[in-house]
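Undergrad: next come a sequence and a model predicted from it.
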Amino acid sequence: MIQQILILQGDITQLEVDAIVNAANSSLLGGGGVDGAIHRAAGRESLEECRQLKGCETGEAKITKGYNLPAKWVIHTVGPVWEGGNYGEDELLASCYRHSLTLAEEYQIKTIAFPAISTGVYRFPMERASKIAITEVNKFLHNHNSLKQIIFVCFNQSAYDSYQRVMQEITES
Ligand code: ADP
């Protein structure tokens, strides 16, 4: 099967994929936004497994089971808080994608869905974040062939438009 990148608008917790990625915070003990939605949908066992992981550094990723989610796995990654762009935010965000994809490969995950990490409460600008997301996924797919489908899940229309625009720019360049 050919590798495929899709951009969808919707709720990541509903997707029947091998893994969904959570934009977690470093405690891994739950929070608002997509993190809250994932833990609500996965159930309390998910939070218990997270508690045993003893947190996660910014730019790193850890994996738990999906429990009540349609997805089999949840990959928790901690995005950087946007501080204006001069504090290594771009590289840390790229590192989230790389570590999540590497973990996915280790677990023989074929289909994975990403939210727009750091673009909510952590305030990373959407256009810049989507460019990093698409670039890192493209690079990874170029060098690895285990993953078959990568989905970027956009929670609203403006995120969706941004991903579409950036994808087109990158494809045309
Ligand atoms: P962060 O703290 O990394 O910024 P947030 O959860 O606040 O994380 O936001 C990350 C992105 O996830 C935002 O673009 C937000 O709109 C989006 N988001 C929130 N809930 C969901 C959901 N259920 N499915 C997909 N994306 C979501």
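TA: Structure received. Residues are numbered from 1 along each chain as shown.
Undergrad: going forward, measure contacts between C-alpha atoms and count neighbours the same way
TA: Fine.
Undergrad: helix/strand/coil for residue 56?
TA: Secondary structure, DSSP: H, G, I helix; E, B strand; the rest coil: residue 56 is coil.
Undergrad: and the gap between it and the ligand?
TA: 13 Å (C-alpha to the nearest ligand atom, to the nearest Å).
Undergrad: repeat for residue 66
TA: Distance of residue 66 to the ligand, computed by C-alpha to the nearest ligand atom: 15 Å.
Undergrad: please report the distance of that residue from residue 28.
TA: 15 Å (C-alpha to C-alpha, to the nearest Å).
Undergrad: following the strand or helix carrying residue 153, which helix or strand shows up next?
TA: Assessed by DSSP states H and E, residue 153 sits inside strand 149-154. Downstream of strand 149-154, the first helix or strand assigned by DSSP H and E is helix 157-172.
Undergrad: what sits against the spatially most central residue of the chain?
TA: The centre of the chain sits closest to residue 114, judged by C-alpha atoms, centre = their mean, with a distance of 3.3 Å. Residues counted as contacts of residue 114 (C-alpha atoms under 8 Å, 6 or more residues apart in numbering) are 12, 20, 21, 22, 150, 151, 152, 153.
Undergrad: ok, now how distant is residue 39 from residue 148?
TA: 26 Å.
Undergrad: who's more crowded, the two?
TA: When residue 39 and residue 148 are compared for neighbours, residue 39 comes out ahead with 25 against 16, by other C-alpha atoms under 10 Å.
Undergrad: chain center to stretch 74-92, what's the gap?
TA: 12 Å (C-alpha atoms, centre = their mean, to the nearest Å).
Undergrad: so which bits of that stretch are buried?
TA: Across stretch 74-92, burial judged by 16 or more other C-alpha atoms under 10 Å covers 74, 75, 76, 77, 78, 79, 80, 81, 82, 89, 90, 92.
Undergrad: hey, C-alpha coordinates of it in PDB?
TA: Presented in PDB, the C-alpha positions along stretch 74-92 are these (Å, rounded to 0.1, in the frame of the first residue of the first chain):
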ATOM      1  CA  VAL A  74      -2.400   6.800  22.400                       C
ATOM      2  CA  ILE A  75       1.000   8.500  21.900                       C
ATOM      3  CA  HIS A  76       1.400  11.300  24.400                       C
ATOM      4  CA  THR A  77       3.800  14.100  23.300                       C
ATOM      5  CA  VAL A  78       4.500  17.400  25.000                       C
ATOM      6  CA  GLY A  79       4.600  20.300  22.700                       C
ATOM      7  CA  PRO A  80       6.500  23.600  23.500                       C
ATOM      8  CA  VAL A  81       4.700  26.600  24.900                       C
ATOM      9  CA  TRP A  82       5.000  29.400  22.400                       C
ATOM     10  CA  GLU A  83       7.200  32.200  23.800                       C
ATOM     11  CA  GLY A  84       7.700  34.300  20.700                       C
ATOM     12  CA  GLY A  85       9.800  31.900  18.600                       C
ATOM     13  CA  ASN A  86      13.300  32.400  20.000                       C
ATOM     14  CA  TYR A  87      13.300  29.700  22.600                       C
ATOM     15  CA  GLY A  88      13.700  26.600  20.400                       C
ATOM     16  CA  GLU A  89      10.000  26.200  19.900                       C
ATOM     17  CA  ASP A  90      10.300  25.200  16.200                       C
ATOM     18  CA  GLU A  91      12.800  22.400  17.000                       C
ATOM     19  CA  LEU A  92      10.900  21.200  20.000                       C
END
